[in-house]
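> sharing a model prediction with you, sequence too.
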Amino acid sequence: VQGHAGRLVFGDLKGKTCVCMQGRFHMYEGHSLCKTTFPVRVFKLLGVETLVVTNAAGSLADGLQIGDIMIIKDHINFPGLVGLNPLTGPNEDRFGPRFPAMSGCYHKGLRCLAMEVAKDLDVAAIMQEGVYAMVGGPNFESIAEARLLHRVGVDAVGMSTAPEVVVATHCGMRVFGLSLITNKVGKSYEDSDSVNHEGVLEVGRLRSDTVQQLVTELIRRMEINNNTSTAV
Ligand SMILES: O=P(O)(O)O[C@H]1O[C@H](CO)[C@@H](O)[C@H]1O
């Protein structure tokens, strides 16, 4: 999608072997969920243990302002709830079970560590935990849709991430996620501001250094098991 470089970068980050996706596939681009999540299975086969996901998202929570960073505590996978799930079809037993649990899919230890990192980098004031919801897109939400999402407990909404997290959790990877709040989602018919992709990219540019520092320091401090691989 425009604004995503579409590169896969391999390297060493603070002593940990990492592979980084600059960009992702989205369902709204017409890709199957199988293709959208294919990189995650490639990472698994490469020996990656931890997946760090980042996204741009619109805020529904009054306490989340533009430029804030939300540590994803949990998600609501709206496409998944109606059967648009990357795990649909015969189960790939070599990756994981037919019916994987999704409770606790955003690793608690990594969430706590990220908050410590935020304090040490002096950015804790712009960070809090919340619930991310994936919608199909590509249109942004109507006012009634925004109100619905708010009522069901969504803090931030975007059009990605949940399928990758489902596939990573299915194959036993640890997951950590961040949403950069790029816009407020209008919940009032009196609001005249409307969101657009250029505005989303602009906030992304403004906060890219902060997100980069947070992720780098988190990776430097995170415990690893046998190998040293992380995918971002
Ligand atoms: O989730 P990412 O790809 O970060 O970006 C979000 O921002 C784009 C819309 O501006 C959509 O792609 C949406 O999902």
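Structure received. Bear in mind that the values here come from a model prediction, so they are computed numbers and not experimental data.
> get me the contact residues on the protein for the ligand.
Residues of the chain lying close to the ligand by CB under 6 Å from any ligand atom are 1, 24, 26, 55-56, 158-160, 197, 200. In short, each C-beta sits where N, CA and C put it, glycine included.
> render the CA-only coordinates of stretch 188-197 in PDB, please.
The C-alpha atoms that make up stretch 188-197 are tabulated as PDB, following Å, rounded to 0.1, in the frame of the first residue of the first chain:
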ATOM      1  CA  SER A 188     -20.300  12.700  16.800                       C
ATOM      2  CA  TYR A 189     -22.500  14.000  13.900                       C
ATOM      3  CA  GLU A 190     -21.300  17.500  14.800                       C
ATOM      4  CA  ASP A 191     -17.600  16.600  14.100                       C
ATOM      5  CA  SER A 192     -16.400  18.100  10.800                       C
ATOM      6  CA  ASP A 193     -12.900  16.600  10.800                       C
ATOM      7  CA  SER A 194     -12.500  13.600   8.600                       C
ATOM      8  CA  VAL A 195      -9.600  11.200   8.500                       C
ATOM      9  CA  ASN A 196      -7.400  10.500   5.400                       C
ATOM     10  CA  HIS A 197      -4.400   8.300   4.700                       C
END
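> so how far is it from its chain's centroid?
Put simply, stretch 188-197 sits 24 Å off its chain's centre (CA atoms, centre = their mean, to the nearest Å).
> over to stretch 104-123?
15 Å.
> what's in contact with that stretch?
By CB atoms under 8 Å, 6 or more residues apart in numbering, the residues outside stretch 104-123 that reach it are 50, 69, 71-75, 124, 127, 129, 165-166, 169, 174-178, 210, 213-214, 217-218, 221-223.
> now Phe176: closest residue in space that isn't a chain neighbour?
Closest residue to Phe176 apart from its sequence neighbours, by CB to CB, 6 or more residues apart in numbering: Leu110 at 4.1 Å.
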